[in-house]
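1. Structure of the sequence below:
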Amino acid sequence: MTTTRTRSDRRSLAVAAVIGHLVVIAGAALLREPTFWFAVGLMGPGLGVCVSTTAVLRKAVGRPGSAAKDLDERELLLRDRAHYAAFQGICVLMLVDLAYGLYAAGQPDSGSLLSAMTAALFVFGTSLPALWLAWRLPDDDPEDFEGVAPA
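-> Numbering: from 1, shown residues only. Okay, here's the model as predicted:
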């Protein structure tokens, strides 16, 4: 397993995660009768990509995702900034969900359409702190890892 200690590695994973999330959202938008199986075919691999890359990102961003008792002041500040940015992002995603719900209200089986979109946007929202940290954190100092065996 390769380590993702550089900003460019984390940003590449973040872009892959966002693409995976957008594929899942597109699948949720197409989840109706003529395009049902195409949407399911989009959502499966998209969900695999976004969940796996987000899991790697959460490991890559390290300690700022930990509990407060384990963090120093700088890491607490980073975690709080990431959660605040994610909160703002979730607010935007819920506005998107509201607009989609107004559109889906006129469609047959609107409850299933809205619940699929809400689930897709919820999964995207839960990954926002890791995506923010992956994009914003600087490269690790190589001197911090001298004499430490890779995981």
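
2. Burial check on residue 30, number of neighbours?
-> 18 (other C-beta atoms under 10 Å). The C-beta positions use only the backbone N, C-alpha and C, and glycine is treated the same way.

3. In CSV, could you pull the C-alpha coordinates for the one helix or strand residue 132 maps to?
-> In the assignment (DSSP states H and E), residue 132 maps to helix 128-136. Extracted in CSV, the C-alpha atoms of helix 128-136 (Å, rounded to 0.1, in the frame of the first residue of the first chain):
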residue,chain,number,x,y,z
LEU,A,128,-16.8,16.8,2.8
PRO,A,129,-14.5,17.1,5.9
ALA,A,130,-12.0,14.6,4.5
LEU,A,131,-12.1,16.2,1.1
TRP,A,132,-11.5,19.7,2.6
LEU,A,133,-8.6,18.5,4.7
ALA,A,134,-7.1,16.6,1.7
TRP,A,135,-7.2,19.7,-0.4
ARG,A,136,-6.0,22.2,2.2
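
4. which outside residues touch it?
-> 10-11, 13-14, 17-18, 54, 57-58, 60-61, 64-65, 78-79, 81-83, 85-86, 89-90 (C-beta atoms under 8 Å, 6 or more residues apart in numbering).
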